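# can you look at this prediction? I've put the sequence above it.
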Amino acid sequence: MISFIIPAHNEEALLVDTLRILRVSATELGGGQPFEIIVVDDASTDATAEIARSSGARVETIDRRQIAATRNAGAKVARGDLLIFVDADTHVSAETLRQALAAVRDGAVGGGARFRFESGPRWAHVMGAIVGTVMRMLSWAAGCFIFARRVDFDAVGGFDERYFATEEIVLSRALKRRGRMVIVPSPVMTSGRKALMHGPGEVWRLTIGFLREGRGVVKRREGLHFWYDGRR
């Protein structure tokens, strides 16, 4: 079984389309491939949970406001032997899923996909292309789409909850120590909303902070407004 896990905080505006497209894509896999969709509602104050339930998803509720913990909460209750983490603003095609399944059947322990922004300023598309290229070269999965065999995910302890950001890179590096990570060529489409709400100056400040402090800067929520300011 495939378990799709969607972390969500106040995602009523985009969650409907994400769930609809994901269900259609999973169904198009054919062959009676069983799957489940789990939405982990982390302290939402809007209609996120109601939308998820009305779309046929299972809803788990936590109150952590931390993406690593939210994803782990979904994995804890998932029944699948393949875990696929999808962000609430990300659209996944059937072809991307087919390629991920093929990679696992060929022995990969996990991986991700190329990503494209559906919207956003030009600088964000350029930066996304650069970051995406580097991550593919290093076999690191982008946070919007990550897959892992359950046995390997559990063996490395899941997402490291000491991190409030870059947890997908930490997981990718841990999984690579167990086997091959594959970044499939069929891209997922994710929103460019963060670039619309935060200018390049914010990205630059985050980069400088990381260069100065290293991992310490992503081990606390303070200063990570890019991810945790709650704006939607």
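Now that the structure is in, tell me what you want to look at.
# which strand runs longest in this protein?
Ranked by number of residues, the top strand in the chain under DSSP state E is strand 181-190.
# next structured bit after that one?
Next helix or strand after strand 181-190 toward the C-terminus (DSSP states H and E): helix 193-197.
# so residue 82 bridges to which residues?
residue 2, residue 149 (DSSP bridges).
# got the contact list for it?
By C-beta atoms under 8 Å, 6 or more residues apart in numbering, residue 82 lies in contact with 1-3, 101, 104, 147-150. C-betas here are computed from N, CA, C, even on glycine.
# ok, back up a step: just the buried positions in the longest strand of the chain, please.
Residues of strand 181-190 classed as buried by neighbour count (16 or more other C-beta atoms under 10 Å): 181-184, 187-190.
# of these, closest to residue 227?
Nearest to residue 227 among the buried residues of strand 181-190, counting by C-beta to C-beta, is residue 190 at 13.9 Å.
# and the closest one, what are its bridge partners?
Counting by DSSP bridges, residue 190 is bridged to residue 90, residue 117.
# hey, which helix or strand in this structure has the poorest pLDDT?
helix 200-213 (a mean of 67; mean pLDDT, DSSP states H and E).
# state the mean pLDDT of the longest strand of the chain.
Here strand 181-190 scores 97 as its mean pLDDT.
# what sits up against it?
86-87, 89-93, 95-96, 98-100, 103, 108-118, 135-136, 139-141, 144-145, 172, 175.
# tell me which of those fall in strands.
Short answer: these in strands (DSSP E) are 86, 90-91, 110-117, 145.
# what is the most widely separated pair among the residues you listed?
110 and 117 (23.4 Å).
# out of these two, which sits in the more crowded spot?
residue 110 (29 against 19; other C-beta atoms under 10 Å).
# ok, the closest residue to the more buried one other than its chain neighbours to residue 159 distance?
Using C-beta to C-beta, 6 or more residues apart in numbering and skipping the chain neighbours, the partner closest in space to residue 110 is residue 148 (3.4 Å). Taking C-beta to C-beta, to the nearest Å as the measure, residue 148 falls 10 Å from residue 159.
# identify the contacts common to the two.
With C-beta under 8 Å, 6+ apart, residue 148 and residue 159 have common neighbours residue 171.
# of the two, which one has the most company?
Higher neighbour count among residue 148 and residue 159: residue 148, with 29 against 25, using other C-beta under 10 Å.
# closest to residue 29 out of the buried residues of strand 181-190?
Using C-beta to C-beta, residue 184 comes nearest to residue 29 of the buried residues of strand 181-190, at 14.1 Å.
# does the closest one have beta-bridge partners, and which?
Note on residue 184: beta-bridge partners by DSSP bridges are residue 113.
# any idea how far residue 106 is from it?
Counting by C-beta to C-beta, the gap from residue 184 to residue 106 is 11 Å.
# the residue nearest to residue 110 is in contact with residue 108, isn't it?
No. Counting by C-beta atoms under 8 Å, residue 108 is not a contact partner of residue 148; they are 9.3 Å apart.
# tell me the mean pLDDT for stretch 57-72?
97.
# return the distance of that stretch from the chain's centre.
12 Å (C-alpha atoms, centre = their mean, to the nearest Å).
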